[in-house]
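[1] Make a model of this:
(2 chains)
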Amino acid sequence: MTLSLIEAVLLVFVLGCAIGAAVLRDVLASLMAFAAYSLGISIIWVMLEAPDVGLTEAAVGAGIMTILFILALANTVRPQENGLFESISVRTVVLVGAFVVVMIATVPSLPAIGAEGAANPVVSGEVTQHYIDNAYADTEVHNAVTAVLAAYRGFDTLGEAVVVFSAGVAALTVLRQEVFA
Amino acid sequence: MFELLNSHYNYFAVMLLLGIGLYMLIESKNLVKKVIGMNIFQTGIFLFFITLAFRAGGNPPIIKEGGGPYVSPLPHVLILTAIVVGVSLTAVALALIIRIYTEYGTLDEDKLKQLYYD
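    Numbering: from 1, shown residues only, chains lettered A, B, ... in the order given. Next up is the predicted model:
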C-alpha cells in the first residue's frame, strides 16, 4: 500500500486541524478546528474500510462531542484575549518532540500498512479468521462487527453501557442536578 | 526514510497526533482546551488500531458469499467501544469544568492554582 493522493490530503487536513486546535487562542475556534478534525478522521475510517467506526465517529465524535463542548462553553466563559494564536512554549515543544521521536523510532518495526500473512498477525491471526469464518453461522448477522460487538463480546458491551450510565450519574452528581435539563 | 514514510504513513500521523495531544494537555492553560487535547490523543490511538486492522484490497467485514478478503473486525469493535467510553469521559470532564467555573469563576489553570493555594 503506497500513499495515495486522497489519503495524503486527508492526513494533512487532519494534522492541520489538530495543530489548529492546539495553537488557536480562542476556545471556540479551537473547538471548531477539533470538529473539523473529527470529520476528517471519520473519512479516514471509511478509507480504511471501517464504515461502522466512521459512522460512529461522525455521529458521536463530530456531533455529540461538539454539542457537549458548546454546552460547556455556554455555561462557563470564553475568555476574550488579544492575538489569534497562543505563544508556543519552547520547553514543552522540546519535551513533546523528544516523545514523538522516541515513538517514531518504533515505527519501522510495525507491519507496513495493508500487509497480510505472517507480517501482520492482526489481520491474518487465528482470532480474526475465527470471527470471519463463523460469525454468520453463529449469529446470523451479516456484519461481523455487529456480531462481535453484540454476541461474542456482549459482556464488553454491557460493561460499556455501565460506563455510560456511571458517567451520566457522575455528571448529574457533580452538577448537583436531579435530571438532565 | 521516504520508503518508510510511503509504507507506514498512518503510523507517523499517529505519533504526531499523540504529540499534539500531549502538547495541549501540558501547555494549554484553559481547561476546555485540555479536554480537546485529551480527545486528540485518544483518536491518535484509534488510528493506530484501525490501521493495524487494514489489509490491502480488503473489504469491510460484512460477510457474504465470495465477499472476501475482509479487514479484521475485532479492532473495529474495540474502537467503537473506546469512542463511546471517550464521550462519557468527556462528558464527566466537562461537568467537572462547569462545576469548577461556578466555584472559582475562572478556567485558567494558573489563576485556579493561585485561588486554590490562597
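[2] Give me the below-cutoff pLDDT ranges for the chain.
    Since you didn't name a chain, this refers to chain A. Within chain A, the ranges that satisfy pLDDT under 70 run A:1, A:180-181.
[3] let's see it at 80
    Along chain A, the model assigns pLDDT under 80 to residues A:1-3, A:79-83, A:117, A:177-181.
[4] What residue spans form the domains of it?
    A:1-110, A:115-181 (automatic domain parsing).
[5] ranges for the helices of chain A?
    A:5-23, A:27-47, A:51-56, A:65-75, A:90-104, A:121-124, A:126-139, A:144-147, A:154-175 (DSSP state H).
[6] one step back: so which of the domains of chain A is the most packed in?
    domain A:1-110 (a mean of 17; mean count of other C-beta atoms under 10 Å in any protein chain shown). Backbone N, C-alpha and C define where each C-beta goes, glycine included.
[7] Just give the closest residue to A:Thr76, not the sequence neighbours.
    Distance criterion C-beta to C-beta, 6 or more residues apart in numbering or on different chains; nearest residue to A:Thr76, sequence neighbours excluded, is B:Tyr101 at 4.1 Å.
[8] And B:Gly57, by the same measure?
    B:Pro69 is the one closest to B:Gly57 (C-beta to C-beta, 6+ apart), at 6.7 Å.
[9] Distance to B:Thr90 for the domains of chain A - can I get that in CSV?
    Putting these into CSV (distance: least, C-beta to C-beta, whole Å) gives the following:
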stretch, distance to B:Thr90
domain A:1-110, 6
domain A:115-181, 9
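[10] Please name the residues that touch the residue nearest to A:Thr76.
    A:75-77, B:107 (C-beta atoms under 8 Å, 6 or more residues apart in numbering or on different chains).
[11] Equivalent analysis for B:Phe54, please.
    A:1, A:48-50, A:113-114, A:123, B:71.
[12] Apply 6 Å and report the result again.
    A:48, A:114, B:71 (C-beta atoms under 6 Å, 6 or more residues apart in numbering or on different chains).
[13] between the residues you listed, which is nearest B:Ile97?
    A:Leu48 (32.8 Å; C-beta to C-beta).
[14] That closest one contacts B:Ile50, correct?
    Yes: between A:Leu48 and B:Ile50 a contact is recorded at 5.1 Å, counting by C-beta atoms under 6 Å.
[15] which outside residues touch the one helix or strand in chain B whose mean pLDDT sits lowest?
    Counting by mean pLDDT, DSSP states H and E, chain B has its least confident helix or strand at helix B:109-117, which shows a mean of 88. With C-beta under 6 Å, 6+ apart as the test, helix B:109-117 has contacts from B:29, B:104.
[16] now stretch A:32-43
    A:10, A:13-14, A:17-18, A:20-21, A:54, A:57-58, A:61-62, A:66, B:36, B:43.
[17] for the helix ranked longest in chain B, which positions count as buried?
    Longest helix of chain B, by residue count under DSSP H: helix B:73-104. Applying a neighbour-count criterion of 16 or more other C-beta atoms under 10 Å in any protein chain shown, one finds B:73-101 buried in helix B:73-104.
[18] Quick check: closest non-adjacent residue to the most centrally placed residue in chain B.
    In chain B, the residue lying closest to the centroid (C-alpha atoms, centre = their mean) is B:Gln42, at 1.8 Å. Leaving aside its sequence neighbours, B:Gln42 sits nearest to B:Gly86 (C-beta to C-beta, 6+ apart; 5.1 Å).
[19] And for A:Val23?
    A:Phe85 is the one closest to A:Val23 (C-beta to C-beta, 6+ apart), at 4.9 Å.
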